[in-house]
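S.K.: Fold the stuff below for me.
(one chain, ligands or ions: 2)
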Amino acid sequence: MPPRPQLTIPSPGGRRAVVLGAGSFGTAVAVLLARGGFRTTLQTRSTEQAERLETERENAAYLPEVQFPRELRVEPMSAGLSRADYVFLGVPSRGLSQVIGNLQATGLPARTPVISMAKGLVPPDGLAPTTLLNQAFGVDRVACLGGPAHAREMVTEGAGLVAASSNVKLAAAIANVFMRAGVVCEQSNDPVGVELSGVAKNAASLAAGATAGQGLNAAGAAAGHIFAEVWRYAERQGGKPESMIGLAGTGDLVGTALAPQSRNRRAGELLGQGVPASEIPARIGQAVEALDMVPLLATALRRAHVEAPVTTALHGLISGELPLDEWVARVRATVPPPAVRDSAFRRAVARMRRHQVTESLKRPD
Ligand SMILES: NC(=O)C1=CN([C@@H]2O[C@H](COP(=O)(O)OP(=O)(O)OC[C@H]3O[C@@H](n4cnc5c(N)ncnc54)[C@H](OP(=O)(O)O)[C@@H]3O)[C@@H](O)[C@H]2O)C=CC1
Ligand SMILES: O=C(CO)COP(=O)(O)O
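M.R.: Ligands and ions are numbered 1, 2, ... in the order given. As a prediction, this is how the structure comes out:
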């Protein structure tokens with residue numbers, strides 16, 4: 001067994017969590033929250049699905065052979081949220097507008113935090129899920145999850161989660177329950193950076209999958225360009241480089257691009273084989289965030305005046321307007337904009353940091 005995080009965190013003391021959406025990730029997170037000490041309920045879209053999961057005590061359609069902990073309850077979403085202390089949204093971005101719009105009507109208590117787990121943008125405006133949640137509930141009640149976390153491996157072996165919120169106590173409470181369940185979870189105060197890192201890695205994994213058959217340098221370039229384009233967008237919204245460089249960005253990109261089961265990379269491979277985007281979701285059978293999200297992302301980058309030739313070209317490949325060979329040619333020929341010259345202030349800070357490092361190396365241990 002791999003080493004597990006220390007379990008020295010106090011018990012959350014009977015707090016109740018509700019996970020909305022019983023797909024692969026919602027189910028996996030519900031299992032972990034129950035293991036971590038929350039009184040957890042997994043809410044399904046339909047009554048029939050709730051009855052099936054309750055009878056079988058596993059989610060055979062989305063996460064087979066993972067037994068539910070005895071304490072995990074299952075009920076349909078129609079049961080409402082009036083007893084929830086935390087609400088986790090396990091629904092893909094395309095369904096989030098509807099689900100978020102219904103939260104109050106289904107009895108969400110006035111102070112209960114809402115945590116988005118989606119790695120996409122919400123149609124029709126292409127907003128990040130936490131932006132929508134902030135507008136509805138205020139930043140102190142909103143958080144998101146990121147990091148490399150394939151559902152099955154997460155419940156059997158672990159993951160590298162990131163819990164991000166402007167409310168540092170909320171990020172800590174979420175991270176602690178996952179750590180109690182034996183899964184590493186970093187705390188972050190950069191929800192927009194973490195969320196856009198997840199967006200970047202899904203778009204980049206799709207692009208790499210679509211391009212790998214034409215050459216791995218091209219696949220790497222496609223992913224690198226898209227990452228840099230989304231980063232410039234995230235930076236303008238106050239996103240921190242640590243999020244993009246760390247678990248939520250680079251870590252999740254590698255975890256997704258290498259995973260044989262990754263839906264986003266497999267969708268890219270199908271695109272590269274000439275399968276129309278409209279046929280891909282049925283072939284994959286689960287959420288493919290990047291297919292829905294790249295068109296929204298391309299529009300968001302254009303509106304924000306971010307130079308994004310490769311994300312725009314990926315949109316063209318998905319819509320069928322750009323043939324595969326032209327997409328690959330575009331990736332191979334794109335030269336990123338030159339790095340902006342550092343200001344005098346940034347050069348001074350960099351000099352000071354270099355000096356501190358040099359001095360610290362001179363000191364004995
Ligand atoms: N799976 C993974 O390993 C990871 C996934 N994520 C993210 O988690 C999010 C959820 O994905 P995932 O669980 O994998 O997707 P799945 O396709 O496995 O499941 C989606 C679930 O959402 C439900 N759903 C979809 N639309 C609605 C709606 N409008 N109202 C209510 N329920 C709805 C589906 O219900 P039904 O079955 O009835 O269609 C299904 O239960 C995505 O953003 C993904 O990027 C993040 C990390 C890892
Ligand atoms: O986000 C994920 C792992 O961190 C899951 O990736 P896919 O949606 O591509 O399967």
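S.K.: List the single closest residue to the residue of the chain found nearest ligand 1 in space, sequence neighbours excluded.
M.R.: When distances are taken as CB to the nearest ligand atom, the chain reaches nearest to ligand 1 at residue 23, 1.7 Å away. Using the backbone N, CA and C atoms, a C-beta is placed for each residue, glycine as well. Using CB to CB, 6 or more residues apart in numbering and skipping the chain neighbours, the partner closest in space to residue 23 is residue 62 (5.0 Å).
S.K.: That neighbour and residue 262, how far apart?
M.R.: From residue 62 across to residue 262, the span is 16 Å (CB to CB, to the nearest Å).
S.K.: Quick check: residues of the stretch 151-300 of the chain near ligand 1?
M.R.: 151, 286, 287, 289 (CB under 6 Å from any ligand atom).
S.K.: Show me just the buried residues among the residues you listed.
M.R.: Neighbour-count burial (16 or more other CB atoms under 10 Å) applied to these gives 151, 287, 289.
S.K.: Any chance of the residues you listed in TSV with secondary structure and distance to ligand 2 as columns?
M.R.: Output for those, formatted as TSV (DSSP: H, G, I helix; E, B strand; the rest coil; distance: CB to the nearest ligand atom, whole Å):
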residue	secondary structure	distance to ligand 2
151	helix	8
287	coil	7
289	helix	6
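S.K.: so can I have a markdown table of these showing pLDDT?
M.R.: Formatted as a markdown table, these follow (pLDDT from 0 to 100):
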| residue | pLDDT |
| --- | --- |
| 151 | 98 |
| 287 | 86 |
| 289 | 97 |
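S.K.: State the distance from residue 271 to residue 283.
M.R.: For residue 271, the distance to residue 283 - CB to CB - is 11 Å.
S.K.: So for these two, which residue has more residues nearby?
M.R.: residue 271 (25 against 11; other CB atoms under 10 Å).
S.K.: How about the more buried one: what's its closest non-neighbour residue?
M.R.: residue 210 is the one closest to residue 271 (CB to CB, 6+ apart), at 4.5 Å.
S.K.: Contacts only, for residue 17.
M.R.: 30, 33, 38, 39, 40, 41, 84, 85, 86, 87, 88, 177 (CB atoms under 8 Å, 6 or more residues apart in numbering).
S.K.: Go through these and flag which are in helices.
M.R.: 30, 33, 177 (DSSP state H).
S.K.: how many other residues sit next to the second one?
M.R.: Think residue 33. Residue 33: 30 neighbours (other CB under 10 Å).
S.K.: Spatially nearest residue to it (excluding sequence neighbours)?
M.R.: Residue 33 sits nearest to residue 40 (CB to CB, 6+ apart), 4.4 Å away.
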